[in-house]
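A.B. asks: pasting a predicted model and its sequence here:
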Amino acid sequence: MKHKLDITLLILFFFVLSQILGIITLEHTTQINKIQIQNKTEYKIVEKKPIGTERITQNDKETQKNVLITIILGLLTGFLLMKLLIKTKSKNLWIIIYYYITYVLTYITLTAFLSKKVSIILAITIIILKNIKITPQLIKNFLEILIYPAFALMFSPIITPLGGIIMLILLSLYDAYAVWKSKSMIELANFQLNTKFTGLLFEYEEEKENKKQKKETQTTTKLQKVQNTEEKIETKKVKTQKAKKQIKKIERKNYRKALLGGGDLAFTTIFTGTIYLYLGLYVAILTIIFSTIGLAYLFYNSEKGKMYPAMPFITFFAIMPTIAYYIVYFLNVI
């Protein structure tokens, strides 16, 4: 297993929570829209679909094509922008972009439940809390997942289940290539870790190895104190510096980071939201369960110190309930 069991379970918990929040946000928005539409003479909305969804049908291939092209172009634009920022080492510019995107997405999520004024104040407060050192990691990750329901609100109503499957497969192919072949995704992750990271992040130390480090440090200090003569003062200083450097290297090696990228959370939340709107709550719950199994399988079989693309594993399992649903549907029709 790549990370400690408790850290792995925490990541899986937040992964599930992100999707559940996406469904709750969509449902809440749907109920508000239904009330607004019921006051009008024209009421054509389909059950469990927000305003405008009635225009999107399973057979509307042109619309789905445009939506997928828009998402892909948006991804390419974002990726090229990040590559440019990495190449030019424009860390400050990325930090500004990060704060802006975080504010907008958090604001969109909050406005589904609260007034605009309250959402603005809370969104700013959340950004501050999320980016100060004294805020515990657990709280930071709770605040982080408030971003992802916004993606569900924007994209889930205009993507069909088939379009969602195509989206996930394309993203999985790209993710696998960017991690295993071009290494660009690893470069992007390292850049963000040194500035501002988008996604879930847990930092922890391995306790067993830390105990050994303390013993080694104490032993080194005792040996250095034995040298009392003036002739050995310089030697003592050199050895002390070397010992400190070795200890720092050991600490860096054992100071681990467990992370899950924002893209993995965002696109899974979009897909689950789409399944909820089109196929209902039960299939959406199965999608959450299966996608989580896929992520858990990755963590269980991955090795320490290696980077893996999460989307191929998530996608393979996440699309199973939808495919099974359509197989059963067509068998019943036949």
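C.D. replies: Received it, and whenever you're ready, just let me know what you need. Numbering: from 1, shown residues only.
A.B. asks: rest of the way, CA atoms for contacts and neighbours
C.D. replies: OK.
A.B. asks: now do the contacts for Phe15.
C.D. replies: Going by C-alpha atoms under 8 Å, 6 or more residues apart in numbering, Phe15 touches Leu265, Thr292.
A.B. asks: so where's the chain shaky on pLDDT?
C.D. replies: Residue ranges of the chain with pLDDT under 70: 31-67, 206-255.
A.B. asks: and the spatially most central residue of it, what is it in contact with?
C.D. replies: The centroid of the chain falls nearest to Gly262 when counting by C-alpha atoms, centre = their mean (2.9 Å). Residues in contact with Gly262 (C-alpha under 8 Å, 6+ apart) are Thr198, Gly199, Leu200.
A.B. asks: so which of those is the most crowded?
C.D. replies: Neighbour counts for the contacts of Gly262 (other C-alpha atoms under 10 Å) peak at Leu200, which has 23 neighbours.
A.B. asks: phi, psi of it?
C.D. replies: Backbone geometry at Leu200, expressed as degrees, to the nearest 10, gives phi -90, psi 140.
A.B. asks: what's the span of stretch 147-166 from first residue to last?
C.D. replies: By C-alpha to C-alpha, to the nearest Å, the extent of stretch 147-166 from end to end equals 23 Å.
A.B. asks: got the buried residues for it?
C.D. replies: For stretch 147-166, burial by neighbour count (16 or more other C-alpha atoms under 10 Å) applies to 147-153, 155-165.
A.B. asks: take those residues and keep only those in helices.
C.D. replies: Pro149, Ala150, Phe151, Ala152, Leu153, Phe155, Pro161, Leu162, Gly163, Gly164, Ile165 (DSSP state H).
A.B. asks: find the nearest non-adjacent residue to the first one, please.
C.D. replies: Put plainly, it is Pro149. Closest residue to Pro149 apart from its sequence neighbours, by C-alpha to C-alpha, 6 or more residues apart in numbering: Gly22 at 4.2 Å.
A.B. asks: what's in contact with the helix or strand where Ile293 lies?
C.D. replies: In this structure, Ile293 sits in helix 281-301 according to DSSP states H and E. Contacting residues not belonging to helix 281-301 are listed as 1-3, 8, 12, 15-16, 19, 268, 272-273, 275-276, 310, 313-322, 325 [C-alpha under 8 Å, 6+ apart].
A.B. asks: for ChimeraX, what selects the buried ones among those residues?
C.D. replies: Buried residues within the contacts of helix 281-301, by 16+ other C-alpha under 10 Å, are selected in ChimeraX with:
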select :2,3,8,12,15,16,19,268,272,273,275,276,310,313,314,315,316,317,318,319,321,322
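A.B. asks: give me every residue that touches the nearest residue to Tyr99 once chain neighbours are set aside.
C.D. replies: Nearest non-adjacent residue to Tyr99, counting by C-alpha to C-alpha, 6+ apart: Ile127, 7.3 Å away. Ile127 sits next to Tyr99, Thr102, Tyr103 when contact means C-alpha under 8 Å, 6+ apart.
A.B. asks: let's see that with 10 Å instead.
C.D. replies: The contact partners of Ile127, by C-alpha atoms under 10 Å, 6 or more residues apart in numbering, come to Tyr99, Tyr100, Thr102, Tyr103, Thr106, Lys140, Leu143, Glu144.
A.B. asks: for Gly163, see how far away the fifth one is.
C.D. replies: Yep, that's Thr106 we're talking about. Distance from Thr106 to Gly163, counting by C-alpha to C-alpha: 26 Å.
A.B. asks: check Ile128 too.
C.D. replies: Counting by C-alpha to C-alpha, the gap from Ile128 to Gly163 is 37 Å.
A.B. asks: among the contacts of helix 281-301, name the ones in helices.
C.D. replies: Per DSSP H, these map to helices at 8, 12, 15-16, 19, 268, 272-273, 275-276, 313-318, 320-322, 325.
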